[in-house]
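Enquirer: structure for the following, please:
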Amino acid sequence: QVNLLESGGGSVQPGGSLTLSCVASGNTRHNKCMGWFRRAPGKEREGVGSSDLDAERTYLRDSMKGRFTISHDKAKTTISLHIASLKPEDTAMYYCAATGASCSDPYNYWGQGTQVTVSS
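Expert: Now for the predicted structure:
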């Protein structure tokens, strides 16, 4: 079992930035990939990007490139998502997920989410 705890969300004005963090605990030694997803009000959940913990590679959805940055720590238990130049359309619940398989496979573990609200 892997537990995921997100933090760093909040209310931000357009143009601001935020860094979200997700800490994994429990049986993390089998974690191969951790990722970020978001669900905006009235919309389906969408993937933001992921971090292949073994290959030391990160992936971002094409629409997220440029303003979103994903990183993870050397212990491979914390993944971060930095969002720059925030827009109102970035308002969403952001979720962290982890899997013992590849980043292209379904995620086994999910956090409770952290809310990001962008408004003036």
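
Enquirer: make it CA atoms for all contacts and neighbour counts henceforth
Expert: Will do.

Enquirer: for this structure, just list every one of the strands.
Expert: Assigned strands in the chain, in chain order: 2-7, 10-12, 18-26, 33-39, 46-52, 57-60, 68-72, 78-83, 92-99, 109-110, 114-118 (criterion: DSSP state E).

Enquirer: once you drop chain neighbours, what's closest to the most centrally placed residue in the chain?
Expert: Taking CA atoms, centre = their mean, the centroid of the chain lies closest to Trp36, which sits 2.5 Å from it. Nearest residue to Trp36, sequence neighbours excluded (CA to CA, 6 or more residues apart in numbering): Cys96, at 4.7 Å.

Enquirer: could you count how many residues lie near that neighbour?
Expert: 30 (other CA atoms under 10 Å).

Enquirer: returning to that earlier point: the residue nearest to the centre of the chain contacts Met93, doesn't it?
Expert: No. The pair Trp36 and Met93 does not pass the contact test of CA atoms under 8 Å, sitting 10.4 Å apart.
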